[in-house]
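Visitor: Sequence plus the predicted model coming up.
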Amino acid sequence: MSDRDERNGMRSRRRFLARTGALLGAIGVAGCDRLSQTEWFPRILDSAERLNERVAKLVTGRKAMAQEYGPADLSPTFRSNGTAEPDNAEYAALARNGFADYALDVGGLVTSPRRFTLAELRALPSRTQITRHDCVEGWSAIGKWQGARLSALLRAVQPTPAARYVVFHCADPMEEGGESPYYESIDMDDAYHEQTLLAYALNDRPLPIANGAPIRLRVERQLGYKHAKYVMRVELVESFAHIGQGRGGYWEDQGYQWYAGI
Ligand SMILES: Nc1nc2c(c(=O)[nH]1)N[C@H]1C(S)=C(S)[C@@H](COP(=O)(O)O)O[C@H]1N2
Ligand SMILES: [Mo]
């Protein structure tokens, strides 16, 4: 979306809010007693409620929380999907050493690019949440995730005003010969969302390799393929046209939607 589109969006949103206010105002002025005796009044109320719901979505939509569950809801096992172990010699060497030498590279459109060791990531403000993971292939699992809030990491590197997306570059090659590593991207709304984490623990244990060790993204309002595993590098960009085939993710390049909201 261009800035102009965004401004137009804001303007029509304001117009919509003004119209809704006028409608609710009219109901108030007319008085409830007489109105409630008419046959059409309940229907108006009903549609006002639907309008309110739409207004609420417009105002809070991208900040709304994904449902969280309790310990009793945890799936007995959290299955692995896609890559279960990256076919990458550099990654294998890190894994052999228990990821002691791992560092997450954060750069692109940021004021202070830097690398974060696992200890530094664990020291960032964190969050623990029990959520349901939904894969387009038709399975779900509930797991307990702990990780650094992506918002905290971003505050540390200070994205420039031009930054519009966060890109996650992964360790697993998706083609023979080490080509086309898995990657994903999200916009700034999801990047600053309270439940968006760089997770380092699953069900109170260090993240297993099968689930993306040492760091994987949790972006709870979206489908499974957005949750990049084996994240090695985070890049802030204005556009992802120059990355992969330009659609913002490995599966997006194969035709999946970029915004996979649930
Ligand atoms: N790097 C990487 N990330 C990935 C994938 C992958 O193959 N490689 N698969 C995606 C898909 S389709 C799903 S459903 C989830 C699976 O996460 P899990 O292995 O923890 O179940 O990871 C996503 N992230
Ligand atoms: Mo998936």
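Guide: Arrived safely. Ligands and ions are numbered 1, 2, ... in the order given.
Visitor: From now on I want contacts and neighbour counts done on CA atoms only, so please keep to that.
Guide: Noted.
Visitor: Next, residue 123: phi, psi?
Guide: When read as degrees, to the nearest 10, the backbone of residue 123 gives phi -80, psi -10.
Visitor: Give me the nearest residue to the residue nearest the centre of the chain, chain neighbours excluded.
Guide: With distances taken as C-alpha atoms, centre = their mean, residue 219 lies nearest the centre of the chain, 2.9 Å away. Counting by C-alpha to C-alpha, 6 or more residues apart in numbering, residue 196 is the residue found nearest to residue 219 once chain neighbours are left out, at 4.8 Å.
Visitor: Give the bridge partners for the closest residue to ligand 2 within the stretch 1-150 of the chain, please.
Guide: Ranking the residues of the stretch 1-150 of the chain by distance to ligand 2 (C-alpha to the ion) places residue 135 first, at 3.9 Å. Per DSSP bridges, residues listed as beta-bridge partners of residue 135: residue 139.
Visitor: OK, contacts around it?
Guide: Contact analysis of residue 135 by C-alpha atoms under 8 Å, 6 or more residues apart in numbering lists 223, 224, 225.
Visitor: Run through the residues that contact the first one.
Guide: Read it as residue 223. Residues counted as contacts of residue 223 (C-alpha under 8 Å, 6+ apart) are 133, 134, 135, 136, 260, 261, 262.
Visitor: Out of those, who's the most crowded?
Guide: The most neighbours of any of the contacts of residue 223, using other C-alpha atoms under 10 Å, belong to residue 133, which has 20 neighbours.
Visitor: And what about it, helix, strand or coil?
Guide: The three-state assignment at residue 133 reads strand, by DSSP: H, G, I helix; E, B strand; the rest coil.
Visitor: ok, it to ligand 1 distance?
Guide: Applying C-alpha to the nearest ligand atom, to the nearest Å, the value for residue 133 to ligand 1 is 7 Å.
Visitor: Tell me how far that residue lies from residue 97.
Guide: Residue 133 is 29 Å from residue 97, where distance means C-alpha to C-alpha, to the nearest Å.
Visitor: Residue 129 too?
Guide: Distance of residue 129 to residue 97, given as C-alpha to C-alpha: 28 Å.
Visitor: okay, those two: which has more neighbours?
Guide: More neighbours surround residue 129 than the other of residue 129 and residue 97, with 19 against 10 (other C-alpha under 10 Å).
Visitor: Tell me which residues touch the more buried one, please.
Guide: 68, 69, 144, 145, 146, 195.
Visitor: which ones among those residues are found in helices?
Guide: If you go by DSSP state H, the contacts of residue 129 have nothing in helices.
Visitor: and residue 251, which of the three is it?
Guide: helix.
Visitor: Quick check: closest non-adjacent residue to it.
Guide: In space, and not counting its chain neighbours, residue 251 is closest to residue 225: 7.3 Å by C-alpha to C-alpha, 6+ apart.
Visitor: Is that neighbour located within a strand, as I assumed?
Guide: No: judged by three-state DSSP, residue 225 forms no part of a strand; its state is helix.
Visitor: ok, how many other residues are close to residue 90?
Guide: 10.
Visitor: Looks to me like it is in a strand.
Guide: No: looking at residue 90 with three-state DSSP, it is helix, so not inside a strand.
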